[in-house]
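J.: Okay, structure incoming, though there's no sequence with it:
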């Protein structure tokens, strides 16, 4: 039996803290969430994805967070509070969209034929991701630890298990599993994202889409933590491969385009179309970028998860479908000059259109309008 958590460590000190559950969540290590998720899956092998799974997993994960990191200032109900906060923001945004006459439709998410979902055994997960040896070993080390608790021997000690968790978390603290930037993205309230969207007019070029980006399935943070894990792995491989293939890459060049296209191929393969679109869009909103670079990134993201996805991920029946093969295909696509669109100059229509001087777009909607005229089958690059 694991030790009971200290009630003092799970009570919000102020009402303000209670009103910001995302800050309470963000202080916990993503690795602790992953461990709790794997414990729950192993303890409930017959519980399938659905409302019952989500409700029970959320309660279990929260309880285990308090036990694994008792020094943190979380509180009972913080996951539920975050979920309620997201639901309220979504409802308010839908009402606002209806009142302003904006027509939004939600894209249907069609997973790959062999998509395993987000409640998998470690064997299923490794077979699906086909990770490199280092990342495979990280996941196996965590699973071996978890199985001590989910299949305890007569010598199992809760205190020793907690100590092993602390040590392994320290070992993995600087790895892909503990990416603080990505964790911040996943724990950002929908309300903050919508305020950014309104101020930057980022989504105005997409009136036919459901604009509830970033609220993709935040409710799945606890019960479906593999969404986060697969995102972390996709980001690592996209970064590593871009450095290997384009060691001298600069912002806005072909190497930058490769990284965005390839990341989105991996994201769609590993999380599905909707989540790939929503998560990568969320990155662009939350991480400040100059308008023309952001427009380029938005365009190249959709090349990866939409227009060129089938060609870049390969035939699911014939190809290995692993990340190396998808990298090879994406690299070949980028290296073919016929597939690229080079923007040598930009004009801002809101500036003096008679001025022959080239002026970079000053707003996101201006830059997005410029790139919207470019074929969605071609990637964009703006630096030689």
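T.: Perfect, I can see it now. Note that the structure is predicted; figures quoted are calculated from it, not measured. Residues are numbered from 1 along each chain as shown.
J.: Quick check: which ranges of this structure have low pLDDT?
T.: Low-confidence segments of the chain, defined by pLDDT under 70: 1-19, 90, 93-111, 194, 196-223, 316-320, 347-358.
J.: Mind jotting down where the helices sit in the stretch 1-150 of the chain?
T.: For the stretch 1-150 of the chain, the helices defined by DSSP state H, counting those that start in this stretch occupy 15-18, 21-26, 30-43, 51-68, 78-99, 122-129, 133-150.
J.: buried stuff in the last one?
T.: For helix 133-150, a neighbour-count test (16 or more other Cβ atoms under 10 Å) marks 135, 138-139, 142-143, 145-146, 148-149 as buried. Heads up, the C-betas are built off the backbone N, CA and C, glycines and all.
J.: so which of the residues you listed comes closest to residue 172?
T.: Taking Cβ to Cβ as the measure, residue 138 is the one of the buried residues of helix 133-150 closest to residue 172, at 6.3 Å.
J.: mind listing what that closest one touches?
T.: Going by Cβ atoms under 8 Å, 6 or more residues apart in numbering, residue 138 touches 172, 175-177.
J.: what about 10 Å?
T.: 31, 131, 168, 171-172, 175-177, 233 (Cβ atoms under 10 Å, 6 or more residues apart in numbering).
J.: buried subset of these?
T.: By 16+ other Cβ under 10 Å, the contacts of residue 138 give 31, 131, 168, 172, 176-177, 233 as buried.
J.: Just put those in JSON lines and tack on distance to residue 258 and secondary structure.
T.: Putting these into JSON lines (distance: Cβ to Cβ, whole Å; DSSP: H, G, I helix; E, B strand; the rest coil) gives the following:
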{"residue": "31", "distance to residue 258": "29", "secondary structure": "helix"}
{"residue": "131", "distance to residue 258": "20", "secondary structure": "coil"}
{"residue": "168", "distance to residue 258": "34", "secondary structure": "helix"}
{"residue": "172", "distance to residue 258": "28", "secondary structure": "coil"}
{"residue": "176", "distance to residue 258": "19", "secondary structure": "helix"}
{"residue": "177", "distance to residue 258": "24", "secondary structure": "helix"}
{"residue": "233", "distance to residue 258": "18", "secondary structure": "helix"}
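J.: so which of the helices of the stretch 1-150 of the chain gets nearest residue 308?
T.: Of all those, helix 122-129 sits nearest to residue 308, with 21.5 Å by Cβ to Cβ.
J.: Report the angle between the closest one and helix 30-43.
T.: 120 degrees (axes from the mean of the first three to the mean of the last three Cα atoms, to 10 degrees).
J.: From the contact counts, what lies against helix 122-129?
T.: Judged by 3 or more Cβ pairs under 10 Å, 6 or more residues apart in numbering; DSSP states H and E, the packing partners of helix 122-129 are helix 30-43, helix 133-150, helix 226-245, helix 254-271.
J.: buried stuff in the first one?
T.: Using 16+ other Cβ under 10 Å as the burial criterion, the residues of helix 30-43 that qualify are 30-42.
J.: What I need now is those written out in a markdown table, including distance to residue 121 for each item.
T.: What follows is those, written out as a markdown table (distance: Cβ to Cβ, whole Å):
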| residue | distance to residue 121 |
| --- | --- |
| 30 | 21 |
| 31 | 19 |
| 32 | 21 |
| 33 | 18 |
| 34 | 15 |
| 35 | 16 |
| 36 | 17 |
| 37 | 13 |
| 38 | 10 |
| 39 | 13 |
| 40 | 13 |
| 41 | 8 |
| 42 | 8 |
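J.: just those now: which is nearest residue 119?
T.: Using Cβ to Cβ, residue 41 comes nearest to residue 119 of these, at 6.0 Å.
J.: ok, residue 114 to residue 157 distance?
T.: Taking Cβ to Cβ, to the nearest Å as the measure, residue 114 falls 40 Å from residue 157.
J.: farthest-separated two in the buried residues of helix 133-150?
T.: Maximum pairwise distance in the buried residues of helix 133-150, criterion Cβ to Cβ, is 22.7 Å, between 135 and 149.
J.: any idea whether residue 345 is helix, strand or coil?
T.: Assigned with DSSP: H, G, I helix; E, B strand; the rest coil, residue 345 falls in the coil class.
J.: Repeat that for residue 380.
T.: Assigned by three-state DSSP, the conformation of residue 380 is strand.
J.: was I right about it contacting residue 343?
T.: Yes - at 6.3 Å, residue 380 counts as touching residue 343 under the criterion of Cβ atoms under 10 Å.
J.: between these two, which one's more packed in?
T.: Here residue 380 and residue 343 are set side by side on neighbour count (other Cβ atoms under 10 Å), and the busier one is residue 380, at 23 against 17.
J.: Distance-wise, check residue 163 relative to residue 157.
T.: Distance of residue 163 to residue 157, computed by Cβ to Cβ: 9 Å.
J.: I meant to write residue 37 there.
T.: Note on residue 37: its distance to residue 157, by Cβ to Cβ, is 23 Å.
J.: hmm, back to that, where do the contact lists of residue 380 and residue 343 overlap?
T.: Counting by Cβ under 10 Å, 6+ apart, the residues touching both residue 380 and residue 343 are 252, 292, 295-296, 371, 374.
J.: and these, which of them are in helices?
T.: 292, 295-296, 371 (DSSP state H).
J.: pretty sure residue 315 is in contact with residue 321, am I right?
T.: Yes - between residue 315 and residue 321 there is a contact under Cβ under 10 Å: 8.5 Å.
J.: All set now, cheers.
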